[in-house]
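[1] the amino acid sequence is not available; the structure is as follows:
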DNA sequence: TATCGTTAGTAAAGCGCTTTACATAGCCAA
DNA sequence: TTGGCTATGTAAAGCGCTTTACTAACGATA
């Protein structure tokens, strides 16, 4: 590989001149510029980014730490982040952690070691304080999708409460009164908020939130299946289920089918996320759509603002919307009560 | 951030000693080691990877260039690559190109500039020679999933022909004779091979491959829908369709439904890939499973072997398998012929 | 003609690390 | 006593770039 020195020698100027010329820090006469350009072309010179980064301390790159890149939600988020970052001339380094605390810590460490300019952090765990400790006081971090307690960096979330409220209200308007909620990990921000939205919708309708019908566990298909089993095996199962993620909804779907019941005839189901497969399952899933692309874009914009010394909003809430498909119908067993 | 020099000063030794100690290039007495360890702990020293990389010319990192990280197939591939690379102490830099030639070239360039040790390349386009030119002669590249003409680096593919053969044979064994194939881009290796496997199965059964029933276009849902429309609108539509990707199959599914027909009663359908959603659609998709995790792992292993000066196999073919679900049945209209 | 301001550059240090070549002290054997 | 070995290090250059401070030459001005 040709170096800056090679170019300088070829062009008959000093390396300083070439460097400053390439960085627009000097005005050179046309003749000199031509010589340098010619030398660069002839030698096929490409600057060594490592050297530049070491020298300047800037990398024009950001990191995205994500629990699982194979999860469509995070994959789409990553795609959006990448798109927006590239548009601004930044590279993105993506790491997935499998949702393990130590992997998250390692990822953050490694990112810091690789000297990226900033970090967009997504997690799906409740932090025990170690992440907060690592991230505290940093001026180049944005939290996306999920909160980490005790970290005061800019955050980009969706309106979780509103989403659950919309979902529950839709079920109520369809005539349901016996509605269960299956949520993600206990104490996770999004779960708290969705539970709150659900509760508000129920209270507004004068309906009770039965403790046994609020099941919190994981944003996974397996947990959805387990929770659905619990609900369906009870003496008086609910007529509708609000699942706090489409993954959970898929698990519910499977168990409902295994019980010989039908969605939406016997049980109505609302999901959350509107992942790509939500429209493809049987029946197509009514769900709460998150604006994934907007989330990724905004996180990048806020991070870059941060890097430029500006002060983006401490917290942004993006709107969600109800997407009605085929998994909700009026309750059939109402008379049985 | 504390530097190596700070540590050396704190420990009362030379930077050289610290560097060599940390890299296991020197045997120091216990007392000295303890002093260095104490200094590192006290200063919370973390080596500057940029500096190390600049100095050694090695990065302990590889790049993965992929068409679209939001596509579940590539997302799972990426997850597998990451898992395997991390297990070997390597970082992975993922870029998605949107399947555009210039984006691919930029990505490869940028990756080279970032001085990764090696590159795993996946594409879903037919190269016009520009990629081949960039990659030619490189000793640190592995091609994964899809071929690039004229590039002689190690390659990791699946047995595409066998996959299509299995799918077609399954349909034939179920009694189908009128079978169409919907494939990806014309001239793409995987498409050629799947077409060949399909043809072999048909010929072995003494069945004709009707030119009008071989539609090549794109590995997308939209193309699947378009191709299915063409097939169904013809005077004598096929009784079965072999789709060369699950995405295509989804498009077919949708159009079949729109035509008021049922899968598998009116039309049987076999997909390819076994993406996560294949089991979730209605009806659950019979498809050819690609061993995505193994593909990712093997690509990393071969790349690392390459970096260590070994010579991995020029081409590896991983086996695929037929996963039977609900989208195939015996043809109902046989008598009508 | 001495001074000043431009123009068109350059020399050298530094980013934080690695590595090659060399140095010193102590000890042992001949 | 001397020569050589081992153990325990160190000095300095270099990776490729940026940046700060400086300078030489030239024309214009007082």
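    The structure has been received and is ready for your questions. Owing to the predicted nature of the structure, the values given are computational and were not obtained by experimental measurement.

[2] element containing the residue nearest to residue A:81 when sequence neighbours are not counted?
    Leaving aside its chain neighbours, residue A:81 sits nearest to residue A:296 (4.2 Å; criterion: Cβ to Cβ, 6 or more residues apart in numbering or on different chains). For the C-beta atoms, the positions are set from N, CA and C on the backbone; glycine is no exception. Residue A:296 is part of helix A:292-307, with elements assigned from DSSP states H and E.

[3] tell me what the helix or strand that that helix is followed by is packed against?
    Later in the chain than helix A:292-307, the nearest helix or strand by DSSP H and E is strand A:315-318. Identification of packing neighbours for strand A:315-318 by 3 or more Cβ pairs under 8 Å, 6 or more residues apart in numbering or on different chains; DSSP states H and E yields strand A:155-158, helix A:292-307.

[4] in strand A:315-318, what counts as buried?
    Judged by neighbour count (16 or more other Cβ atoms under 10 Å in any protein chain shown), strand A:315-318 contains these buried residues: residue A:316.

[5] contacting residues around the following helix or strand past that strand?
    The first helix or strand that comes after strand A:315-318 along the chain, using DSSP H and E, is strand A:321-323. For strand A:321-323, contacts defined as Cβ atoms under 8 Å, 6 or more residues apart in numbering or on different chains pick out A:166, A:167, A:170, A:274, A:278, A:286, A:287, A:288, A:289.

[6] about what we covered before: tell me which of the helices and strands packed on strand A:315-318 is the most buried.
    strand A:155-158 (a mean of 23; mean count of other Cβ atoms under 10 Å in any protein chain shown).

[7] so which elements touch that strand?
    strand A:141-144, helix A:292-307, strand A:315-318.

[8] any idea how far DNA strand D is from the closest residue to DNA strand C within the stretch 151-300 of chain A?
    As assessed by Cβ to the nearest atom of the strand, DNA strand C sits closest to residue A:153 within the stretch 151-300 of chain A, at 23.9 Å. Applying Cβ to the nearest atom of the strand, to the nearest Å, the value for residue A:153 to DNA strand D is 26 Å.

[9] so who does that residue touch?
    With Cβ under 8 Å, 6+ apart, residue A:153 has these contacts: A:135, A:138, A:141, A:142, A:143.

[10] now residue A:330
    Counted by Cβ under 8 Å, 6+ apart, residue A:330 has contacts A:174, A:175, A:176.

[11] which one is the first one nearest to, not counting chain neighbours?
    The shortest distance from residue A:174 to any residue other than its chain neighbours is 5.3 Å, reached at residue A:330 (Cβ to Cβ, 6+ apart).

[12] just the pLDDT for that neighbour.
    On pLDDT, residue A:330 comes in at 97.

[13] for DNA strand C, state which of the contacts of residue A:153 is nearest.
    Looking across those and measuring by Cβ to the nearest atom of the strand, the closest to DNA strand C is residue A:138, at 17.7 Å.

[14] tell me the spacing between the closest one and residue A:306.
    10 Å (Cβ to Cβ, to the nearest Å).

[15] try residue A:121
    13 Å.

[16] identify the contacts common to these two.
    The contact lists of residue A:121 and residue A:306 share A:141, A:142, where a contact means Cβ under 8 Å, 6+ apart.

[17] which one is whatever residue of the stretch 151-300 of chain A ends up closest to chain B nearest to, not counting chain neighbours?
    Distances between the stretch 151-300 of chain A and chain B by Cβ to the nearest Cβ are smallest at residue A:282, namely 2.7 Å. Closest residue to residue A:282 apart from its sequence neighbours, by Cβ to Cβ, 6+ apart: residue B:282 at 2.7 Å.

[18] you'd agree that neighbour is up against residue A:285?
    No. Using Cβ atoms under 8 Å, residue B:282 is not in contact with residue A:285; the gap is 11.3 Å.

[19] rewinding a little: any chance of the contacts of strand A:321-323 in TSV, with secondary structure and distance to chain B too?
    Below are the contacts of strand A:321-323 laid out as TSV (DSSP: H, G, I helix; E, B strand; the rest coil; distance: Cβ to the nearest Cβ, whole Å):
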residue	secondary structure	distance to chain B
A:166	helix	24
A:167	helix	20
A:170	helix	22
A:274	coil	13
A:278	helix	9
A:286	strand	15
A:287	strand	13
A:288	strand	18
A:289	strand	16
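
[20] among these, which one lies nearest to residue A:200?
    residue A:166 (10.9 Å; Cβ to Cβ).

[21] I'd guessed that closest one sits against residue A:320; true?
    Yes. Contact criterion Cβ under 8 Å: residue A:166 and residue A:320 qualify, at 7.1 Å.

[22] can you name the next helix or strand after the helix or strand bottoming out on mean pLDDT in chain A?
    Using mean pLDDT, DSSP states H and E, the weakest-scoring helix or strand in chain A turns out to be helix A:101-113, at a mean of 90. Remark: after helix A:101-113, the chain's next helix or strand is strand A:118-121, criterion DSSP H and E.

[23] contacts for that next one, please.
    Contacts of strand A:118-121 (Cβ under 8 Å, 6+ apart): A:62-65, A:81, A:108, A:111-112, A:131, A:135, A:138, A:140-144, A:148, A:299-300, A:303-304, A:306-307.

[24] now with 7 Å, please.
    A:62-65, A:81, A:108, A:111, A:135, A:140-144, A:299, A:303, A:306-307 (Cβ atoms under 7 Å, 6 or more residues apart in numbering or on different chains).

[25] is the helix or strand just after that strand up against chain B anywhere?
    Reading on from strand A:118-121 to the C-terminus, the next helix or strand found by DSSP H and E is helix A:130-135. No. Residues of helix A:130-135 are not located near chain B by Cβ under 7 Å from any Cβ of the partner chain, the shortest gap being 12.0 Å.
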